[in-house]
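Trainee: Let's see this in three dimensions:
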Amino acid sequence: MDTKDFNSLNKPRSKKLRPRIDLTAMVNISFLLIVFYMVSVELSKPKIMDLGLPDTGCGGGCYFGCGLRTNRVITILLDDNDEMITYQGLLEVPEEKPKTLGYGKDGIRNQLLKLNKRIIEQIGDRERGAIVIIKPSKQSNFGNLVSILDEMAITNIQTYAIVNDFTPEENNLLAIN
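Mentor: Sure thing, here's the model as predicted:
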């Protein structure tokens, strides 16, 4: 027998297939890396709070020299030990004696709601309520400032400012407490 004939009797040779590379795992890993990158970028952004600070170009007596009624002004002096001192009007001639209050609904929130309601009744205009001046002392912490800003939102007081300037009388009032 001829070898040629023997080879022709065999099954025909199958075509060699090219090897396939499955890229599913690589695509999955790529998407996981992209998601991880997006999450890590979002978490690394600094978290800040927008504060509207008053314009300092008006001069020393700006609060009361620009046509502002002093009975609308409520000043809050943030002190240590989660306490604050509040008074309405000017410290030299306050509408009420300065009070030491705490945070929460029984403390500053109740006082702000009561004073704001009284001011709106006196003026007769719901749009022009209380003006709150927040003065954090060096003994107060950042959490106290955030808490009082939350109280401004809860009591719906629209006009407030954070001021770092203390008068000598306010320094004495803080030193007494």
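
Trainee: so where's the protein uncertain?
Mentor: 1-13, 49-69, 126-127, 177 (pLDDT under 70).

Trainee: How many neighbouring residues does Pro46 have?
Mentor: By the criterion of other Cβ atoms under 10 Å, Pro46 has 4 neighbours. The C-beta positions use only the backbone N, C-alpha and C, and glycine is treated the same way.

Trainee: isn't there a helix covering it?
Mentor: No. Counting by DSSP: H, G, I helix; E, B strand; the rest coil, Pro46 is not found in a helix; it is coil.

Trainee: Where do the helices of this structure begin and end?
Mentor: 3-9, 24-44, 62-65, 108-123, 142-154, 168-176 (DSSP state H).

Trainee: Glu83 is nearest to which of those?
Mentor: Evaluated over those, closeness to Glu83 peaks at helix 142-154, with 8.9 Å, by Cβ to Cβ.

Trainee: quick one: Gln139 from Asp150, how far?
Mentor: Separation of Gln139 from Asp150 (Cβ to Cβ, to the nearest Å) stands at 20 Å.

Trainee: That should have said Ser137, apologies.
Mentor: Counting by Cβ to Cβ, the gap from Ser137 to Asp150 is 19 Å.

Trainee: Over to Arg109?
Mentor: Taking Cβ to Cβ, one finds Arg109 at 10 Å from Asp150.

Trainee: With only the CA atoms kept, save stretch 129-145 in CSV.
Mentor: The C-alpha coordinates for stretch 129-145 follow below in CSV (Å, rounded to 0.1, in the frame of the first residue of the first chain):
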residue,chain,number,x,y,z
GLY,A,129,-37.2,90.1,61.6
ALA,A,130,-34.2,89.8,63.9
ILE,A,131,-30.6,90.5,63.0
VAL,A,132,-28.3,88.1,64.8
ILE,A,133,-24.6,88.9,65.4
ILE,A,134,-22.6,85.8,66.3
LYS,A,135,-19.4,86.4,68.1
PRO,A,136,-17.3,83.3,68.8
SER,A,137,-14.8,83.7,71.5
LYS,A,138,-11.4,82.1,71.6
GLN,A,139,-12.7,79.6,74.2
SER,A,140,-15.5,78.4,72.0
ASN,A,141,-15.0,75.5,69.6
PHE,A,142,-16.0,75.0,65.9
GLY,A,143,-18.8,72.6,66.9
ASN,A,144,-20.5,75.5,68.8
LEU,A,145,-20.3,77.7,65.8
